[in-house]
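S.K.: this one's sequence-less:
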């Protein structure tokens, strides 16, 4: 199989991370994905909620494989503007309000991007002497300063309730190994899928491949749930981030899963509060193991309780879909900056490409 240019992988991670695309506002991410996948696929389509699908024809058009990597990142929506011009936010996706103070933010308005700074509504020295200072911030404490002194001045900038907003963090490469950025979850998964499709660009797979950028995963797997009904796949692979381990201790909610030790083959995930989850059939697990071993790719196993991916929604579609997952270990998930190992991304692409080429469509 062709090799992946590691420096190009870093450039792709940087480019995809820089694009803003909160759940419900993924259009610019889809445009970027189209820039790279349109030249190497046979069909492109978008649906009304923003999902984008790239079809690569195979020898048997009646056998379909759905690749799913979500395009959205966690972010915010403007909920209100007070009389002094401060902007209030609500979370889009899971955040902890306590880590948002003193961060740069961009509000996307109909008139263009408006920069702002997140504060806590009070000077920090007052908070330190206030009993509330020792307690976690609530969303009602979070205020965005856009430089306005009144609601009318903020509105004149174009800020309105319903506008989306993103954190602003430049990406970096740490020690030549780890990529850091605001939207590693799941732009790293998108790049992994993109690189896999490039690896097989000159090949004719057995099955018809539908490489999908899905929307609104962070608010409940919405895009994948819609898309699986249209694609009607027989097989599916979800490419997403997993919770990377920091210490060597056992965890009652996740298997030990380390950055730099290879992509993870998903075994099981389950959200205990909703009962949504995916137990990957052994047939899929063995096929992914075989693909990794054939290419000499290091791999781990991924188990996660109280977490989930698009796989949870896909497996229930089309009268049941044989669904697996490639999980990229990440640190600092759902914070202002994430970390992923660059080699895990490229090795995940090689594993995925080999699986697609070796899939036996005669069964």
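M.R.: Sure, I can see it. Bear in mind that the values here come from a model prediction, so they are computed numbers and not experimental data.
S.K.: and residue 115, what does it touch?
M.R.: Residue 115 makes contact with 104, 105, 106, 107, 146, 168, according to C-beta atoms under 8 Å, 6 or more residues apart in numbering. Every residue, glycine included, has its C-beta placed from N, CA and C.
S.K.: try 6 Å this time
M.R.: Shown in contact with residue 115 (C-beta atoms under 6 Å, 6 or more residues apart in numbering): residue 106.
S.K.: Model confidence score at it, please.
M.R.: We have a pLDDT of 97 for residue 115.
S.K.: ok, and for the one helix or strand it maps to, which residues are buried?
M.R.: Assigned by DSSP states H and E, residue 115 falls within strand 112-119. By 16 or more other C-beta atoms under 10 Å, the buried positions in strand 112-119 come out as 114, 116, 118, 119.
S.K.: Can you tell me how far the residue nearest the centre of the chain is from residue 175?
M.R.: Residue closest to the average C-alpha location in the chain (C-alpha atoms, centre = their mean): residue 186, at 2.0 Å. Plainly put, residue 186 is 23 Å away from residue 175 if you go by C-beta to C-beta, to the nearest Å.
S.K.: Select the helix or strand of this structure having the lowest average pLDDT value.
M.R.: In the chain, the helix or strand scored least confidently by mean pLDDT, DSSP states H and E is helix 124-129, which has a mean of 62.
S.K.: Which is the succeeding secondary structure element to it?
M.R.: Sequence-wise, the next helix or strand downstream of helix 124-129 (DSSP H and E) is strand 143-145.
S.K.: Which strands and helices lie in contact with that following strand?
M.R.: strand 112-119 (3 or more C-beta pairs under 6 Å, 6 or more residues apart in numbering; DSSP states H and E).
S.K.: in its sheet, what does the strand it packs on sit against?
M.R.: Taking DSSP bridges as the criterion, strand 112-119 sits next to strand 104-109 (antiparallel), strand 143-145 (antiparallel) in its sheet.
S.K.: can you map out the helices along the stretch 1-150 of the chain?
M.R.: Shown for the stretch 1-150 of the chain, the helices assigned by DSSP state H, counting those that start in this stretch span residues 6-18, 27-37, 124-129.
S.K.: Any chance of JSON lines for those, columns distance to residue 195 and mean neighbour count?
M.R.: Listed next are those as JSON lines, based on distance: least, C-beta to C-beta, whole Å; neighbours: other C-beta atoms under 10 Å:
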{"stretch": "helix 6-18", "distance to residue 195": "7", "mean neighbour count": "18"}
{"stretch": "helix 27-37", "distance to residue 195": "10", "mean neighbour count": "18"}
{"stretch": "helix 124-129", "distance to residue 195": "44", "mean neighbour count": "11"}
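S.K.: who wins for proximity to residue 192 among the ones you listed?
M.R.: Closest approach to residue 192 among the helices of the stretch 1-150 of the chain is made by helix 6-18 (9.1 Å; C-beta to C-beta).
S.K.: Cool, thanks, talk later.
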